[in-house]
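*Asks:* quick one: sequence and predicted model below, then my questions.
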Amino acid sequence: MDDQSVTPQANDQLRGVPALSAALRWEEPPEGPEGAVLVLLDQTRLPAEEVELVCTDVQALVAAISTLAVRGAPLLGLAGAYGVALAAARGYDVDEAAALLSGARPTAVNLSRGVRRAYDAYRAALSAGADVPAATAVALSEARALHAEDARASESMAAHGLALLERLVPGGGYRVLTHCNTGALVSGGRGTAFGVALAAHREGRLRRLWVDETRPLLQGARLTAYEAARAAMPYTLLADNAAGSLFAAGEVDAVLVGADRIAADGSTANKVGTYPLAVLARHHGVPFVVVAPTTTVDPATPDGASIEVEQRPGHEVTELPGAAVPVAPLGTQAYNPAFDVTPPDLITAVVTETGVASPVDAASIAELVAG
Ligand SMILES: CSC[C@H]1O[C@H](OP(=O)(O)O)[C@H](O)[C@@H]1O
């Protein structure tokens, strides 16, 4: 494979792009939280433009979640928690806000879990006699705590994942294939699977990051390539359909992917196209590793069949992002699941901030959750 690594200087799209800002942040004026806003980096506009969305109400935040302007399981958890605080700060119906936020996308358990965490804290404060401003401060404090916990979890996952890679592929020079986007754009920190690849790069052990474009919304081509270029990582973009030939050519040492929901038995929902990679990895004897915080593990979901897979609009398949005309004839029906589910027997290891589960089964997953 010829070296096609790109450095930020070589890519006009990136020249002059400001440093990657936080994917999500809370802002409030000196007068107090009544004027609070949630500022989101609009991920639908990347990599060409770094545009921020300023959400002043829950409806705007729900729309941003539904359109993937803000996305990625851990970040959805933060958005949900801050969304409850925003509703309380601005005097909206907090019960209604919690319901709207939790229902914005069904698969990533982090979203409803983040909403629940801030909502329960808010309600508990009110029950304990706090007034609304004080209860709002409690909800915001929970959101901020979750943000900090996710950043710390990101560092721990990178450390555990790097140590696992060294065990799986001794000597470094890893050629890692990844799918979708799992970097700082989905996290309070440096991400999940991408964070492991970034740590390997910084240790001089990453020979190549193979980046699946990840149809139909191209999170890989638009977002992972963007993050990899900014980190000056040796990355190469590929069509999802080309992954098989890379395995056949012996060009992949490990697969690193994220997760949106990990069931109690280790079944893992992740971006559609993940399951075929797991089958390819098994066929070619390549380690297949899921990297996710324990906030993505849902003990209440027993197995893969119990995971609700979000079905998205067909136009995302029949139209290319930004194209003037559809690629398919008008009226074409499209099958567009946002995720698929990989069974535990095809997963070499699950890496969380608490450690590594391998083999992957109900017992090893429970041990990760217990910490
Ligand atoms: C570590 S983020 C988890 C997960 O979220 C992405 O889905 P989406 O872009 O639809 O939010 C993708 O499945 C990532 O692997």
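*Replies:* Cool, the structure landed.
*Asks:* how about the residue nearest to Pro106 when sequence neighbours are not counted, secondary structure?
*Replies:* In this structure, Pro106 finds its nearest non-sequential neighbour in Glu308, 4.5 Å apart by CB to CB, 6 or more residues apart in numbering. No exception for glycine: its C-beta is placed from N, CA and C like everyone else's. Secondary structure state of Glu308, per DSSP: H, G, I helix; E, B strand; the rest coil, is coil.
*Asks:* tally up the residues packed near Glu308, please.
*Replies:* When counting by other CB atoms under 10 Å, one arrives at 12 neighbours for Glu308.
*Asks:* distance check, the residue lying closest to Ala370 once chain neighbours are set aside against Leu76.
*Replies:* Nearest residue to Ala370, sequence neighbours excluded (CB to CB, 6+ apart): Thr354, at 7.9 Å. The gap separating Thr354 from Leu76 is 21 Å, by CB to CB, to the nearest Å.
*Asks:* who has more neighbours, those two?
*Replies:* It is Leu76, of Thr354 and Leu76, that has more neighbours when counted by other CB under 10 Å, with 29 against 18.
*Asks:* which helix or strand contains the residue nearest to Ser102 when sequence neighbours are not counted?
*Replies:* In this structure, Ser102 finds its nearest non-sequential neighbour in Ser112, 4.2 Å apart by CB to CB, 6+ apart. Using DSSP states H and E, Ser112 maps to helix 109-127.
*Asks:* which ones are touching the most centrally placed residue in the chain?
*Replies:* In the chain, the centroid-proximal residue (CA atoms, centre = their mean) is Gly72; its distance is 2.9 Å. For Gly72, the contacting residues are 23, 108, 181-182, 185-187, 258, by CB atoms under 8 Å, 6 or more residues apart in numbering.
*Asks:* can you redo those residues as a markdown table with neighbour count?
*Replies:* Putting the contacts of Gly72 into a markdown table (neighbours: other CB atoms under 10 Å) gives the following:
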| residue | neighbour count |
| --- | --- |
| Ala23 | 24 |
| Ala108 | 32 |
| Asn181 | 31 |
| Thr182 | 34 |
| Leu185 | 25 |
| Val186 | 32 |
| Ser187 | 28 |
| Gly258 | 30 |
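*Asks:* local confidence estimate at the closest residue to Asp260 other than its chain neighbours?
*Replies:* Using CB to CB, 6+ apart and skipping residues adjacent in sequence, the residue nearest Asp260 is Ala108, 4.2 Å away. The confidence metric pLDDT takes the value 97 at Ala108.
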